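Trainee: What shape does this take:
(one chain, ligands or ions: 1)
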Amino acid sequence: MLGVHDDLKRVVRRALELSPFDFGVTSGKRTAKEQNALFKNGASQLDGYSRKSRHQDGCAIDFVVYDENNKVTWGFSYYEQVSWAFKQAAQELNVPIVWGGDWVSFKDGPHVELDKRFYS
Ligand SMILES: [Zn+2]
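Mentor: Numbers count the residues shown, from 1 in each chain. Got it, this is the predicted structure:
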């Protein structure tokens, strides 16, 4: 989590304690070049230059969830349950966050970011 905003780090740590499933952080801060590579792969809608990702200023993380057999899972319901731990942690610590799975146009279950309205 090098370069990730301290408030977001605190939320991640507390969410790990609250979460019903283990999870790991797979992506934190990104350079414009790294973001652009994801865009070219179709993994992101943001090209990193004209449209920047929250990852580029350390205000977002991506995570991966381990299921009850300790295997990586991409099942949305697992991410939803872990998002509840993130939301509870955020509330306890008074750090407003947004979960990517709540987005309507592009659901991003493994993504959590600091709320833009409070962290620019
Ligand atoms: Zn992300």
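Trainee: Now do the same contact list for the spatially closest residue to residue 90 that is not a sequence neighbour.
Mentor: Closest residue to residue 90 apart from its sequence neighbours, by CB to CB, 6 or more residues apart in numbering: residue 97 at 4.4 Å. From N, CA and C alone the C-beta is placed, and that goes for glycine too. Residues near residue 97 by CB atoms under 8 Å, 6 or more residues apart in numbering: 8, 11, 86-87, 90, 112-115.
Trainee: Could you rerun that using 6 Å?
Mentor: Neighbouring residues of residue 97 by CB atoms under 6 Å, 6 or more residues apart in numbering: 90, 112, 114-115.
Trainee: what bridges to the residue in the chain that the ion sits nearest to?
Mentor: Per CB to the ion, residue 111 is where the chain lies closest to the ion, at 3.5 Å. Bridge pairing for residue 111 (DSSP bridges) gives the partners residue 62.
Trainee: Can you tell me the number of residues neighbouring it?
Mentor: As a burial measure, residue 111 scores 23 neighbours (other CB atoms under 10 Å).
Trainee: close enough to count as contact, residue 95 and residue 6?
Mentor: No - the pair residue 95 / residue 6 is not scored as a contact, 9.6 Å apart, by CB atoms under 6 Å.
Trainee: re earlier: could the contacts of residue 97 be laid out in CSV, adding pLDDT?
Mentor: Below are the contacts of residue 97 laid out as CSV (pLDDT from 0 to 100):
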residue, pLDDT
90, 98
112, 98
114, 98
115, 97
